[in-house]
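K.L.:
After the sequence you'll find the predicted model.
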Protein chains: 2
Amino acid sequence: MPLAAVRAREQRRAELLDAADRIVQRDGPAASMASIAAEAGITKPVLYRHFGDKSGLYAALADRHTERLLADLSSALTTRGSRRERVERTVDAYLAAIEREPQVYRFLVHSDEAAPAQSSVRSFTRRLADLLAQGIAAETGAAPLRAAAWAHGIVGMVQAAGDWWLDARPCRRAELVAELSSLLGGGYAWER
Amino acid sequence: MPLAAVRAREQRRAELLDAADRIVQRDGPAASMASIAAEAGITKPVLYRHFGDKSGLYAALADRHTERLLADLSSALTTRGSRRERVERTVDAYLAAIEREPQVYRFLVHSDEAAPAQSSVRSFTRRLADLLAQGIAAETGAAPLRAAAWAHGIVGMVQAAGDWWLDARPCRRAELVAELSSLLGGGYAWER
DNA sequence: CGGCACTGTTACCGGCGGTAACAGCCGCCG
DNA sequence: CGGCGGCTGTTACCGCCGGTAACAGTGCCG
């Protein structure tokens, strides 16, 4: 296994992922293997040799954006300041990302194909929820079950609201951030 | 258009939907038209004559469960008592439904096919969010934008938590209801 | 009885994910 | 230098899917 060959292979892989990225940007999660191969200037079997199957390619593609997005959100989650500021910053970071690249976002969150991506890469949603659960547990001292349940709930809340917002565009981003933050901040709370 | 014929047609349609239901229960949203036709003891073109295309069949099938589920949730949403009781009852009703028929639930919420179901039938999620938005507006006097944003967020929250719970089964239903309710009730709130 | 609308069939289409089998190329080793 | 293994790429195919055209039986209605 010559080192140079491994390098070349990795670079090729990156080029293929670039092509896949362009097609997914254009066609969303419905992008076909053949069209991705065509965009890369090659044919299907090459893709399959590199990524195994469609879920493998999608997992590799998802990884790229996932790492970047999770890093952004993670830093927003751990900024100093009041809880309120953290929540607003994190929700805004999320919504800004989906506004910037809606197709990529839909691909990450709503791709059924990414699910069977064997081990290694858990889905974006799940990783985000894990990250958030960790933050909640550290911040509030909540029990693991509570932290996990809240985290998955909150992630779903922002995702669903984001979907709705992308689709209906009922307001500017800052307004939605404010509404979601106020909900989390106790806007619907009852006497405790 | 003889009346008896219309009746017969409607009954046939119901039988086909029964068959589709059985297959969806078994195979989830990946159920194919051919297998549904086979289960009904007929062949594909019959299905297509009755429902137009796959999204039509799925829409008709979704309608059945949607009406029932929305009715349940609507009644839970409008029970008398404290806000806390209403929230707990509604969340519990939702989770009970997805626990009872997980495949049907996944079909309703995660079926990509239901989306292009032209007009008439908006997706289950959206209708539920509309219902909830109405309730929130009536109860709190929130502005329409706030009610809608909160409603979509809350629906997404319960759905995402429900997905996670179905998959990981980290606790009994009542515990998840308690955790989600406490989150909505201000468990993560900051000073206001 | 003749027609006709309806239910059902078979047989097909294009496109999908996925794969087998083969062709050229490049470097490595005797 | 010669030949040979491995890698990259191809063509051509498979089975399955959603969807449709064209045809056959059947029973009602004038």
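P.N.:
Looks like it arrived, so ask away. Worth saying up front: this structure is predicted, and the values here are computed from it rather than measured.

K.L.:
hey, let's count contacts and neighbours off CA atoms from now on
P.N.:
Fine.

K.L.:
got the angle for the host helix or strand of A:Trp165 vs helix B:144-168?
P.N.:
Assessed by DSSP states H and E, A:Trp165 sits inside helix A:144-168. Helix A:144-168 runs at 130 degrees relative to helix B:144-168, counting by axes from the mean of the first three to the mean of the last three CA atoms, to 10 degrees.

K.L.:
tell me which residues in helix A:144-168 are buried?
P.N.:
Neighbour counts over helix A:144-168 (16 or more other CA atoms under 10 Å in any protein chain shown) mark A:145-166 as buried.

K.L.:
Likewise for stretch A:175-188?
P.N.:
Neighbour-count burial for stretch A:175-188 flags A:176-188 (criterion: 16+ other CA under 10 Å).

K.L.:
out of these, which one sits closest to A:Thr66?
P.N.:
When the buried residues of stretch A:175-188 are compared for distance to A:Thr66 (CA to CA), A:Val177 comes out closest, at 21.5 Å.

K.L.:
That closest one contacts A:Tyr94, doesn't it?
P.N.:
No - under the criterion of CA atoms under 8 Å, A:Val177 makes no contact with A:Tyr94, lying 9.7 Å away.

K.L.:
C-alpha coordinates for the next helix or strand after the helix holding A:Trp165, PDB please?
P.N.:
Where DSSP H and E defines the elements, the next helix or strand beyond helix A:144-168 is helix A:173-182. Only the C-alpha atoms of helix A:173-182 are listed here, as PDB (Å, rounded to 0.1, in the frame of the first residue of the first chain):
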ATOM      1  CA  ARG A 173     -35.100  34.700  10.800                       C
ATOM      2  CA  ALA A 174     -34.600  36.900  13.800                       C
ATOM      3  CA  GLU A 175     -38.300  36.800  14.600                       C
ATOM      4  CA  LEU A 176     -38.500  33.100  14.500                       C
ATOM      5  CA  VAL A 177     -35.400  32.900  16.700                       C
ATOM      6  CA  ALA A 178     -37.100  35.200  19.200                       C
ATOM      7  CA  GLU A 179     -40.300  33.100  19.200                       C
ATOM      8  CA  LEU A 180     -38.600  29.800  19.700                       C
ATOM      9  CA  SER A 181     -36.400  31.200  22.300                       C
ATOM     10  CA  SER A 182     -39.300  32.600  24.200                       C
END
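
K.L.:
Quick check: chain neighbours aside, which residue is closest to A:Ala148?
P.N.:
Using CA to CA, 6 or more residues apart in numbering or on different chains and skipping the chain neighbours, the partner closest in space to A:Ala148 is A:Ala133 (5.1 Å).

K.L.:
Just name whatever secondary elements the one helix or strand A:Arg68 maps to is in contact with.
P.N.:
Assessed by DSSP H and E, A:Arg68 sits inside helix A:54-77. Helices and strands touching helix A:54-77, by 3 or more CA pairs under 8 Å, 6 or more residues apart in numbering or on different chains; DSSP states H and E, are helix A:3-27, helix A:44-51, helix A:83-100, helix A:102-110, helix A:124-140.

K.L.:
Pull the number of nearby residues for the nearest residue to A:Gly162 once chain neighbours are set aside.
P.N.:
In this structure, A:Gly162 finds its nearest non-sequential neighbour in A:Leu95, 6.5 Å apart by CA to CA, 6+ apart. Counted with other CA atoms under 10 Å in any protein chain shown, residues neighbouring A:Leu95 total 24.

K.L.:
Distance check, A:Leu95 against B:Leu108.
P.N.:
26 Å (CA to CA, to the nearest Å).

K.L.:
And stretch A:170-178, how far out from the chain middle?
P.N.:
20 Å (CA atoms, centre = their mean, to the nearest Å).

K.L.:
Quick one: work out the angle between the helix holding A:Arg68 and helix A:3-27.
P.N.:
Going by the same axes, to 10 degrees, helix A:54-77 makes 80 degrees with helix A:3-27.

K.L.:
now helix A:54-77: mean pLDDT?
P.N.:
On average, the pLDDT along helix A:54-77 is 93.

K.L.:
What are the buried residues along that helix?
P.N.:
Neighbour-count burial for helix A:54-77, counted by 16+ other CA under 10 Å, picks out A:54-63, A:65-66, A:69-70, A:73-74, A:76-77.

K.L.:
Can you check what angle separates that helix from helix A:102-110?
P.N.:
Computed by the same axes, to 10 degrees, the angle separating helix A:54-77 from helix A:102-110 equals 100 degrees.

K.L.:
Good, we can wrap up now.
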